[in-house]
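Undergrad: show me how the following folds:
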Amino acid sequence: MDTEFLPIANIERGTSRTFDTLPRVNVADMAKKSLDASHRGKAVYTNKLFYKFYRLVAKLLPHSLVMKMAKT
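TA: Residues are numbered from 1 along each chain as shown. Alright, predicted model coming up:
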């Protein structure tokens, strides 16, 4: 998600292979969908199929392995 955090953390496009390969999420769209989900009683909302898959994998695999995958 493109937020004001990335420039503060010196993570601009082209400087992080990880951030450059991840699917981008529109901030306004994510906020709207999250609020819609909360009104339907959902405590957690995950946008995009990639992140839904990652969230499932993170639940199934050991935490130490997920952290190693996230560093790559």
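
Undergrad: what does the helix-or-strand element of the chain with minimal mean pLDDT contact?
TA: Every helix and strand of the chain was ranked by mean pLDDT, DSSP states H and E. The lowest is helix 17-21, at a mean of 79. With contact meaning Cβ atoms under 8 Å, 6 or more residues apart in numbering, helix 17-21 is reached by 6, 11, 13, 14, 70, 72. Quick note: C-beta positions are derived from backbone N, CA and C, even for glycine.

Undergrad: between the residues you listed, which sits nearest residue 42?
TA: Relative to residue 42, the closest of those is residue 70; by Cβ to Cβ it sits at 24.4 Å.

Undergrad: who's in contact with the residue most central in space within the chain?
TA: For the chain, the residue sitting closest to the mean C-alpha position, by Cα atoms, centre = their mean, is residue 51 at 5.9 Å. Shown in contact with residue 51 (Cβ under 8 Å, 6+ apart): 23, 25.

Undergrad: just residue 25 next, same as before
TA: 1, 47, 48, 51.
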